[in-house]
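Novice: Okay, here's the prediction I keep looking at, along with the sequence it came from:
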2 protein chains.
Amino acid sequence: MARPRRRLLSRERIVAAALALVDAEGLDMVSTRRLATELGVSGPSLYNHFTTKDDLLDAVVDTVLGEVDTDMFRALGAGECDWRTALRDWARSYRAALAAHPNLVPALAQGPGRRPNALRLADAVFGGLVDAGWPRAQATRVGAIMRYFITGSALGSFAGGFPDDAEVYAGEYPHLDQAHLLADRQREIDESAFEAGLQALLDGLALQYRQAVR
Amino acid sequence: MARPRRRLLSRERIVAAALALVDAEGLDMVSTRRLATELGVSGPSLYNHFTTKDDLLDAVVDTVLGEVDTDMFRALGAGECDWRTALRDWARSYRAALAAHPNLVPALAQGPGRRPNALRLADAVFGGLVDAGWPRAQATRVGAIMRYFITGSALGSFAGGFPDDAEVYAGEYPHLDQAHLLADRQREIDESAFEAGLQALLDGLALQYRQAVR
DNA sequence: ACCTGAACACCGTTCAAGT
DNA sequence: ACCTGAACACCGTTCAAGT
């Protein structure tokens, strides 16, 4: 027993298995012991690669953030597109990355910390906005605003949160008499709300931009 | 032993103790056993009042949502204010309620479920917007958009998420050379980002409203 | 009806022991 | 260096037993 001749684990392999487990069974089902079993290894082995379970989940989150595209901010810096377009495309890419792993989102809501990809996103957005003429203080706010909206939209479906049982609303909540139908159209409603909200946000920010640079 | 002559617990007392514990030590520190100890009672006693720990946390969340003011939508229905004002005041009240219990926010992100106060909020907002002339489908979206933004802004500070150690950014993230200063001004930055985002959102939604009702 | 202690099947993490 | 089993101090929840 003890140690085999070939390395059994790596950070990458552990992260991939953890993400698969989160997606398949939810964040609650990720225990170090369960994950180790999934990897064909004993529980404490993971501690050779991560100092704590939180450290491991941090790495999982950063892997997902790695899927977010930030190239549009390079194009923005090169004057090949405007800040609205860049921000819109980035927001969609960000949301798509989070929406691909809905069970992970609660673990995602803690600021960038020291996660490389989280910092990469913040750096790209802030740099892009400043390049486009936003004053630094406002660029910081715009970055925050976008993160609020995007993580909020990923974190828990709006439509899916309503019970599909009409009894729940009867009498008590007069305006919600159609709410039990929301669950069935969840994806469509969340998607269109995200797009409408993104549009509204960019329109509103454009007004603030005109104030700022005039 | 066994049972004392007078009732030791009630749902209200348990919820209050749980919320105090969340605020004081974080969501992770709320275990049924720890909470029971805090209440001077043995662990399993809680199960006479809540079916599961999740059920208990649901009640805690609903209590916090109970602090959110929705009276502005009555004023809106009575024609005493416009939808922008109502939505703005409601958003501030909502955020204030969440910001008062930052440690709880991760537990908050699951849609209304069957929580009475969550449904009360959804009902008031949707009803108010429809009264103000928003088409039903769009009113649903506006409700979702506001929830995205507000929960996103409560959920994890933006500014506070950046390490205050300048070393983290040096070289790697050129645009973040001032980011280590964010943590100190966390409250101010999050607050002003919320206000700027709310303003942008309402400005953008006003454009959509004019499209919808013209 | 409401509280208790004992019990079951789990956790995250540490650590000495193995190769 | 990297994996193991044993161990520690916890969990959430069930249940028979008490009043």
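Specialist: Everything's here; your move.
Novice: Spit out the contact partners of the spatially closest residue to A:L181 that is not a sequence neighbour.
Specialist: What sits nearest to A:L181 in space, not counting adjacent residues and going by CB to CB, 6 or more residues apart in numbering or on different chains, is A:D164, at 7.6 Å. Just so you know, the C-beta spots here come from the backbone N, C-alpha and C atoms, and that holds for glycine as well. Contacts here follow CB atoms under 8 Å, 6 or more residues apart in numbering or on different chains; on that basis A:D164 touches A:H180, A:L181, A:L182, A:A183, A:D184.
Novice: Kindly recompute the last result at 7 Å.
Specialist: By CB atoms under 7 Å, 6 or more residues apart in numbering or on different chains, the residues touching A:D164 are A:H180, A:A183, A:D184.
Novice: Among the residues you listed, which ones are in helices?
Specialist: Counting by DSSP state H, these place none of their members in helices.
Novice: Please identify which of those residues is nearest to chain B.
Specialist: For the contacts of A:D164, the residue nearest chain B by CB to the nearest CB is A:A183; the value is 9.5 Å.
Novice: ok, so what distance separates the closest one from B:A24?
Specialist: Distance of A:A183 to B:A24, given as CB to CB, to the nearest Å: 36 Å.
Novice: So for those two, which residue has more residues nearby?
Specialist: Neighbours were counted for A:A183 and for B:A24 using other CB atoms under 10 Å in any protein chain shown; A:A183 has more, 17 against 10.
Novice: Just to check, the more buried one is in contact with A:F158?
Specialist: No - counting by CB atoms under 7 Å, A:A183 stays clear of A:F158, with 10.8 Å between them.
Novice: What are the structural domain limits within chain A?
Specialist: Chain A resolves into domains spanning A:11-51, A:69-212 when parsed by automatic domain parsing.
Novice: returning to what we had before: if I look at the residue nearest to A:L181, how far off is B:P4?
Specialist: According to CB to CB, A:D164 stands 43 Å off from B:P4.
Novice: Quick check: pLDDT value at the residue nearest the centre of chain A.
Specialist: Residue closest to the mean C-alpha point of chain A, counted by CA atoms, centre = their mean, is A:L98 at 3.6 Å. As predicted, A:L98 sits at a pLDDT of 93.
Novice: one step back: restrict the contacts of A:D164 to those near DNA strand C?
Specialist: Among these, proximity to DNA strand C is found for none (CB under 7 Å from any atom of the strand).
Novice: how about TSV for those, with distance to B:R92 added?
Specialist: Listed next are these as TSV, based on distance: CB to CB, whole Å:
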residue	distance to B:R92
A:H180	30
A:A183	30
A:D184	33
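Novice: Surely A:I189 touches A:G161?
Specialist: No - with contacts counted by CB under 7 Å, A:I189 stays clear of A:G161, the gap being 10.9 Å.
Novice: Please, which helix or strand holds A:G143?
Specialist: Secondary structure assigned from DSSP states H and E places A:G143 in helix A:136-154.
Novice: packing partners for that helix?
Specialist: Judged by 3 or more CB pairs under 7 Å, 6 or more residues apart in numbering or on different chains; DSSP states H and E, the packing partners of helix A:136-154 are helix A:83-99, helix A:116-131, helix A:186-213, helix B:136-154, helix B:186-213.
Novice: Just say which of the domains of chain A is most tucked in.
Specialist: With neighbours taken as mean count of other CB atoms under 10 Å in any protein chain shown, the domains of chain A reach their highest mean count in domain A:69-212, at a mean of 19.
Novice: gap between the two ends of that domain?
Specialist: End-to-end distance for domain A:69-212: 27 Å, by CA to CA, to the nearest Å.
Novice: helix, strand or coil for A:A170?
Specialist: State at A:A170, reduced to three classes by DSSP: H, G, I helix; E, B strand; the rest coil: coil.
Novice: try A:F50
Specialist: On the three-state scheme (three-state DSSP), A:F50 is labelled coil.
Novice: For it, which non-adjacent residue is closest in space?
Specialist: Using CB to CB, 6+ apart, the closest residue to A:F50 is A:L56 (4.2 Å).
Novice: Quickly note the distance from that neighbour to A:D165.
Specialist: Per CB to CB, A:L56 is found 38 Å from A:D165.
Novice: what's the answer for A:F158, then?
Specialist: From A:F158 to A:D165 the distance is 18 Å (CB to CB).
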